[in-house]
Every structure is written in C-alpha cells, then in structure tokens.
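[1] pasted the sequence and its predicted model underneath.
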Amino acid sequence: MDEFASIRHWTAGRQTAEWQRRRGVTLGIGDDAAAVDLSLAEAGLDGAGSLLIAVDTMVETVHFAEGTMADEDVGYKALAANVSDIAAMGGVPLHAVVSVSVPSGYGSERMRRVYDGLYVCAEQYGIAVIGGDTTSAPSHMVVSVTLTGTVETGKELRRSGARPGDAVFVTGPLGMSAAGLHLLLREEAGTPDSEYAAIVAAHKRPKPSVLAGRLLLKSGACRSLNDVSDGLASEAWELAEASGLRIVLEEGRLPKSGSLSAYAAKAGIDPLEWMLYGGEDYVLVGTVESGGADAVQKAFHERGLPFYIIGKAEAGEPDVELIPLPKNWNGERASGRIARRKIGKRGYNHFDE
Ligand SMILES: Nc1ncnc2c1ncn2[C@@H]1O[C@H](COP(=O)(O)OP(=O)(O)OP(=O)(O)O)[C@@H](O)[C@H]1O
Ligand SMILES: Cc1ncc(C[n+]2csc(CCOP(=O)(O)O)c2C)c(N)n1
Ligand SMILES: [Mg+2]
Ligand SMILES: [Mg+2]
Ligand SMILES: [Mg+2]
C-alpha cells in the first residue's frame, strides 16, 4: 500500500460528516490544509471563545516500547496527553492534526491499529481528526498530535495565577503510571497480576479530565492550573516559578491508590518516588483561593470526581517543599513544627544527562 492509500486506510470512514460539522469543520482530511469555522464549533462555552493550541509527541523507546504499550495504546495516549494540556487551560478540545513517522518495515496494519486507539480517544473526548502528515522513519515510530481547543476569552487557567494563601490541589491519584511502567518493564510472565490492573491501565490509557478543568474554570475560585506530565514535583515547580511563590506539599495528603501501595511494597520501592517524580499522571494540579476550596471540592464530589487538597502556596522565592509524614521524620523540629524537606526540580526531563 502506498502512502496515500495508507492514509485512507487509517482514517477513511472513521468519523461522520455530522461529527466533523458539529466541530465547525468545513473541510477535513484530503486537501492542502483543513478549514474550520470556529463560530460553528459547538463547544458549549459561556461567552466568546479563544483558540487553544497544544502539541505533544511520542517517540518509540522514549515514550513507549515493545511490551509497555500496544499499538492501539500509543495512538490513544498520544491524543490523551494533548487532551490533558487543553484540560489544564480549562478548555474544551476540538480538532486533532496527527503526524506519524513510520519505519518501512512496520506495515500499514500496525499504523491502522495506532489509529484505532487514536479514534477511540477522539470519540471519548468529542474530537474531530482533521489532518496530519506521514513520513518514513529510519528505525523507530514517532507520533505527534496537535490539538486545538477553545476556552472563554480571557478566562484560560494559567500557571502564573497562584497567590500566597491559596490551597494546592490535585484531581487524581499520583504515581500510578510510573508504577505501571515499572511493572511492564519487569514483568517476565506476560499478563500482569489482575491486582495491578489499575496501575497498568493508568500507564497505557490515562484519562485526563476535561470536566475537571471546566469545573475549575466555572468555579471562579481556581487561580492557577497545570497538568502532571513530568511528575508532581516538576509541575509544582512550574506553578511556583510562573506565579513567583513557594508551594508547600504535605506528604500525608498526597492521594495514593491501593494498587500503587501494593505494587510498591512488592517491588521494594518507596511509592513517594513515583508520586513526586514519576510523571505521565495526566491529572491536574493547581491552586484555588482558600475560601473557595470547600465549594470546589463539593462540586467535584457531586459529579463523582476526585479532588484532594495537598498543600498551600506561601509568599517567598519560587520553591517547592514537602512536609513529610512522621514516619519519615527524623525527629528534628524547626521552630516547633515538622522540618520541611526541599523538593528538587526533578522529574522526567528529556535532556537530563
Ligand atoms: N520546540 C519548541 N518550540 C517552541 N515552543 C516550545 C517547544 N517545545 C516546547 N515549547 C513550549 O514550551 C512550553 C512548555 O512546553 P512543555 O512541553 O514543557 O509543556 P507540556 O506539554 O505541558 O509538558 P509535557 O511535554 O511534559 O507534556 C509550552 O508553551 C510549549 O508550547
Ligand atoms: C519505554 C518508556 N520509558 C520511559 C517512560 C517514561 N516517560 C517517558 S516520557 C515521560 C514524561 C512525559 O513525556 P513528555 O515530557 O514528552 O510529555 C515519562 C515519564 C515511558 N513512558 N516509556
Ligand atoms: Mg509538551
Ligand atoms: Mg502540560
Ligand atoms: Mg503536555
């Protein structure tokens, strides 16, 4: 199958004309560029919208490898990672443009499976796939997705809006994806123990919450927001630096799932490592004005969504600190309180030595 037949094989008949029309697409896959009339996009915004644009790339051996992700998972996660960035602005995702670079030996069927997963994610989040690019690659697959979205003009939730006194929150458990990856890279006997299904699923099929971002925006109480791709420590540092303040996290408040604890115990690893530095959690971390935290938590819980207050923002030079659990505490007290530990700007970094 040649390049053009392959593209048709991966994309033709996947989404109806009606699906695309409702997102304002007036010209989809097949010409030099797609055309979108944003005034026709049904995003349900409260007022005029701005365009959001994000791109994230997945590279074989860096973001996935044989044994960690099926082809379908690669397509799903490449889009989901971008949904997480749109959610982290408080926005609604709309259109995806997909670039794939495929080693010639991979064959058209393998890429079709990547698209099977990508379209599952598109369906789940209401996204129209409107174009892309295809090239060969020397030895490994690369999938890059550009995603548009929309958000009420001037209301997008930035990293820079936190203020001293704000409560710091996360919208889901931490460290599960890193634990799942650890298991997948080490599991000798194929199918992992069902006890660990949740951590494996967290790695292969992350579920960013657009609804969580929308609730935060509509609450009027959210001052800053980021999504956790590189790890909580790294993302908290981004909030601290963008907002010019110190973030203090409490170890005892960090949400830890049962399957993470069980697997960490089995693997002999401190789960806190994964929770702070693992990454690929695709939950939201941010701050709310402290007086509004209870109402936001209530709104989340009413919709069955998790919401955890994990610390606070304080005036000071950009920094991230952790108040450890008493078990990790060596007994020292600094001015009558448990000594805080500085959290390094460590996390997943593509250019670390
Ligand atoms: N090569 C690049 N050229 C221009 N801007 C870039 C480039 N790479 C990243 N950026 C910009 O830098 C900022 C931070 O990007 P980054 O990729 O760290 O964010 P993210 O997508 O939230 O994180 P992650 O990639 O871990 O999911 C964004 O505004 C992004 O658009
Ligand atoms: C085989 C394999 N090895 C390592 C990892 C871990 N990993 C890769 S990229 C990344 C951060 C997010 O990426 P980005 O910053 O590009 O969005 C993490 C935690 C993995 N997923 N698969
Ligand atoms: Mg990025
Ligand atoms: Mg992000
Ligand atoms: Mg990202």
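    Arrived safely, thanks for sending. Numbering: from 1, shown residues only. Ligands and ions are numbered 1, 2, ... in the order given.
[2] residue 215 belongs to a strand, doesn't it?
    No. Membership of residue 215 in a strand is not supported by DSSP: H, G, I helix; E, B strand; the rest coil, which gives helix.
[3] so it touches residue 302, yeah?
    No. Using CB atoms under 8 Å, residue 215 is not in contact with residue 302; the gap is 9.6 Å. Where you see a C-beta, it was placed from the backbone N, CA and C, and this is true even at glycine.
[4] mind checking the end-to-end distance for stretch 152-163?
    Start-to-end span of stretch 152-163 (CA to CA, to the nearest Å) is 22 Å.
[5] could you number the chain from 2 rather than 1 from now on?
    In the new numbering, first residue 2, that becomes stretch 153-164.
[6] tell me the mean pLDDT over that stretch?
    Across stretch 153-164, the average pLDDT comes to 98.
[7] show me what contacts the closest residue to ligand 5 within the stretch 102-251 of the chain?
    Nearest residue of the stretch 102-251 of the chain to ligand 5, counting by CB to the ion: residue 230, 4.5 Å away. Under the criterion of CB atoms under 8 Å, 6 or more residues apart in numbering, the neighbours of residue 230 are 57, 82, 85, 236, 280-283, 349.
[8] repeat that for residue 278.
    For residue 278, the contact set (CB under 8 Å, 6+ apart) comprises 179, 232-235, 347-349.
[9] what's the neighbour count on residue 345?
    12 (other CB atoms under 10 Å).
[10] spatially nearest residue to it, not counting backbone neighbours?
    Counting by CB to CB, 6 or more residues apart in numbering, the nearest residue to residue 345 once its immediate chain neighbours are dropped is residue 234, at 6.9 Å.
[11] so which strand or helix has the one you found?
    helix 233-244 (DSSP states H and E).
[12] check residue 132 too.
    strand 129-138.
[13] the helix or strand just after that strand near ligand 1 at all?
    Toward the C-terminus, strand 129-138 is succeeded by strand 143-153 as the next helix or strand (DSSP H and E). No. On the criterion CB under 6 Å from any ligand atom, strand 143-153 is out of touch with ligand 1, staying 10.6 Å away.
[14] check which element follows strand 143-153 along the chain.
    Defined by DSSP H and E, the subsequent element after strand 143-153 is strand 168-171.
[15] direction included, what does that following strand pair up with?
    Strand 168-171 sits in its sheet next to strand 285-289 (antiparallel), strand 309-315 (antiparallel), going by DSSP bridges.
[16] please name every helix or strand in contact with the helix or strand containing residue 226.
    Following DSSP H and E, the helix or strand that holds residue 226 is strand 223-228. Judged by 3 or more CB pairs under 8 Å, 6 or more residues apart in numbering; DSSP states H and E, strand 223-228 is in contact with helix 72-88, helix 211-220, helix 233-244, strand 285-289.
[17] which among the ones you listed is found nearest to residue 269?
    When the helices and strands packed on strand 223-228 are compared by CB to CB, helix 233-244 sits nearest residue 269, at 21.7 Å.
[18] which residues of the stretch 2-151 of the chain lie near ligand 1?
    57, 82, 86.
[19] try 5 Å this time
    Contact residues, the stretch 2-151 of the chain versus ligand 1 (CB under 5 Å from any ligand atom): none.
[20] where does this protein have low pLDDT?
    Scanning the chain for pLDDT under 70 picks out 188-193, 328-338, 354.
[21] returning to what we had before: what comes into contact with the strand holding residue 226?
    Outside of strand 223-228, the residues within contact range by CB under 8 Å, 6+ apart are 85-86, 88-91, 158-164, 167, 209, 214, 217, 236, 239-240, 243-244, 283-290, 297.
[22] contacts with ligand 4 among those, please.
    residue 86 (CB under 5 Å from the ion).
[23] so whatever residue of the stretch 252-354 of the chain ends up closest to ligand 1: helix, strand or coil?
    As assessed by CB to the nearest ligand atom, ligand 1 sits closest to residue 349 within the stretch 252-354 of the chain, at 7.0 Å. Following three-state DSSP, we place residue 349 in the coil state.
[24] contact partners for the nearest residue to residue 246 once chain neighbours are set aside?
    Residue nearest to residue 246 in three dimensions, not counting chain neighbours: residue 314, with 5.2 Å by CB to CB, 6+ apart. If you count contacts by CB under 8 Å, 6+ apart, residue 314 has them with 163-169, 244, 246-249, 288.
[25] quick one: residue 195 from residue 270, how far?
    Using CB to CB, to the nearest Å, we find residue 195 at a distance of 21 Å from residue 270.
[26] sorry, that was for residue 240
    27 Å.
[27] more neighbours: which of the two?
    Between residue 240 and residue 270, counting by other CB under 10 Å, residue 240 is the more crowded of the two (27 against 15).
[28] correct me, but the more buried one touches residue 162?
    No. Using CB under 8 Å, residue 240 is not in contact with residue 162; the gap is 9.1 Å.
[29] now do the shared contacts for the two.
    225, 288.
[30] filter the contacts of residue 314 down to the buried ones, ChimeraX style.
    To isolate the buried members of these in ChimeraX, using 16 or more other CB atoms under 10 Å:
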select :163,167,168,169,244,246,247,248,249,288
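[31] ok, which residues in the chain are in contact with ligand 4?
    86, 228.
[32] which residue is nearest the middle of the chain?
    residue 283 (2.5 Å; CA atoms, centre = their mean).
[33] which ones are touching that residue?
    Contacts of residue 283 by CB under 8 Å, 6+ apart are 81-82, 85, 178, 207-209, 228-230.
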